[in-house]
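# got a structure for you, letters missing:
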């Protein structure tokens, strides 16, 4: 796994999670996707909302801000 790979954490019954996942898949962003409800994994730090995006265990964005992150920063696809 690339050390700069994104990790996107999602939860069940989460509208924003579905929309962010759809965006990531449409844009073919290299991102490890983990559903915390289905897989039982937890985020590197405690969070209060999903979806949440990490890179190298650093929290980058929550919710729809994840899409904005990919649209605004040089690391976007």
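Happy to help now that I have it. As the structure is a computational prediction, the values presented were derived from the model and not from experiment.

# immediately after the lengthiest helix in the chain, which helix or strand?
When the chain is scanned for its longest helix (criterion: DSSP state H), the result is helix 15-26. Counting by DSSP states H and E, the next helix or strand C-terminal to helix 15-26 is strand 31-35.

# by contact count, what packs against the helix or strand following that next one?
With elements assigned by DSSP H and E, the helix or strand that comes after strand 31-35 is helix 36-39. Counting contacts by 3 or more C-beta pairs under 8 Å, 6 or more residues apart in numbering; DSSP states H and E, helix 36-39 packs against no other helix or strand. (C-beta placed from N, C-alpha, C; glycine too.)

# which parts of helix 36-39 are buried?
residue 36 (16 or more other C-beta atoms under 10 Å).

# next SSE after it?
Following helix 36-39 in sequence, per DSSP H and E, is strand 52-55.

# what mean pLDDT does that next one get?
Mean pLDDT, strand 52-55: 96.

# sheet partners, orientation included, of the next helix or strand after it?
Next along the chain after strand 52-55, taking DSSP H and E as the criterion, comes strand 58-62. Note on strand 58-62: by DSSP bridges, its sheet partners are strand 52-55 (antiparallel).

# hmm, who's touching stretch 36-54?
6-12, 14, 16-17, 20-21, 31, 34, 57, 59-63, 66, 69 (C-beta atoms under 8 Å, 6 or more residues apart in numbering).

# give the buried residues for that stretch.
Using 16+ other C-beta under 10 Å as the test for burial, stretch 36-54 gives 36, 50, 51, 52, 53, 54.

# low-confidence ranges, this structure, go.
Within the chain, the stretches with pLDDT under 70 are 1-3, 74-77.

# thinking again about what came up before, which of the residues in the longest helix of the chain are buried?
Neighbour-count burial for helix 15-26 [16+ other C-beta under 10 Å]: 16, 17, 20, 21, 24.

# go on, stretch 60-70?
Within stretch 60-70, the residues that qualify as buried are 60, 61, 62, 63, 65, 66, 67, 69, 70, counting by 16+ other C-beta under 10 Å.

# circling back to that earlier point, report the two of the buried residues of stretch 36-54 separated the most.
Maximum pairwise distance in those, criterion C-beta to C-beta, is 13.4 Å, between 36 and 53.
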